[in-house]
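Visitor: How does the following fold in three dimensions:
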Amino acid sequence: MIQRFEVGHRLSEMAIYNGVAYLAGQVPLDDNADAYTQTKQTLAEVDKWLAKASTDKSRILMATVYLADMADYAEMNQAWDEWVAENNAPPRAAVEAKLANPNWKVEIVVTAAV
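Guide: This is a model prediction of the structure:
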């Protein structure tokens, strides 16, 4: 059975199937902040959704970080390194992409074991 959370017309914020939680792209709350702050905010959203799935960042199976500008890579990595679970860094990709809101500097998608 597939469980969906905060189902809207266009997307769900999260789905859980067969012991895996799939999060929609998480974005910052303050779209005027710098890349470091936006990344911290986005990772807090990831934590929130993982908690709703009864899991946490130590059980992330894969993460994809979308940056509006690769010039923000160091700031994003600073926030990521402060946040990532010690000895449980997941596989991760970081790519540059045009994001839906031109003020977003980062969007992060994760899948995690439940």
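
Visitor: switch to C-alpha atoms for all contacts and neighbour counts from now on
Guide: Noted.

Visitor: going on from whichever helix or strand A74 is part of, what's the next piece of helix or strand?
Guide: For A74, the element it lies in under DSSP states H and E is helix 73-83. Per DSSP H and E, helix 73-83 leads on to strand 92-96 as the next helix or strand towards the C-terminus.

Visitor: my guess is W49 meets L23, correct?
Guide: Yes: contact criterion C-alpha atoms under 8 Å: W49 and L23 qualify, at 7.4 Å.

Visitor: anything in contact with each of these two?
Guide: When C-alpha atoms under 8 Å, 6 or more residues apart in numbering defines a contact, the residues bordering W49 and L23 alike are M14.

Visitor: And for the nearest residue to R4 once chain neighbours are set aside, the neighbour number?
Guide: The shortest distance from R4 to any non-neighbouring residue, by C-alpha to C-alpha, 6 or more residues apart in numbering, is to A15 (4.4 Å). Taking other C-alpha atoms under 10 Å as the criterion, the count of residues near A15 is 19.

Visitor: Just grab the bridge partners of A15 for me.
Guide: R4, Y22 (DSSP bridges).

Visitor: check contacts around it.
Guide: 2-5, 21-23.

Visitor: before we move on, what about V106?
Guide: Contacts of V106 (C-alpha under 8 Å, 6+ apart): 27-28, 35, 38-39, 42, 65-68, 76, 99.

Visitor: Restricted to helices, list the residues you listed.
Guide: Those of the contacts of V106 mapping onto helices are 35, 38-39, 42, 76, per DSSP state H.

Visitor: Can you tell me the SS state at the closest residue to A85 other than its chain neighbours?
Guide: Leaving aside its sequence neighbours, A85 sits nearest to S58 (C-alpha to C-alpha, 6+ apart; 5.3 Å). Taking DSSP: H, G, I helix; E, B strand; the rest coil as the rule, one finds S58 in the helix state.
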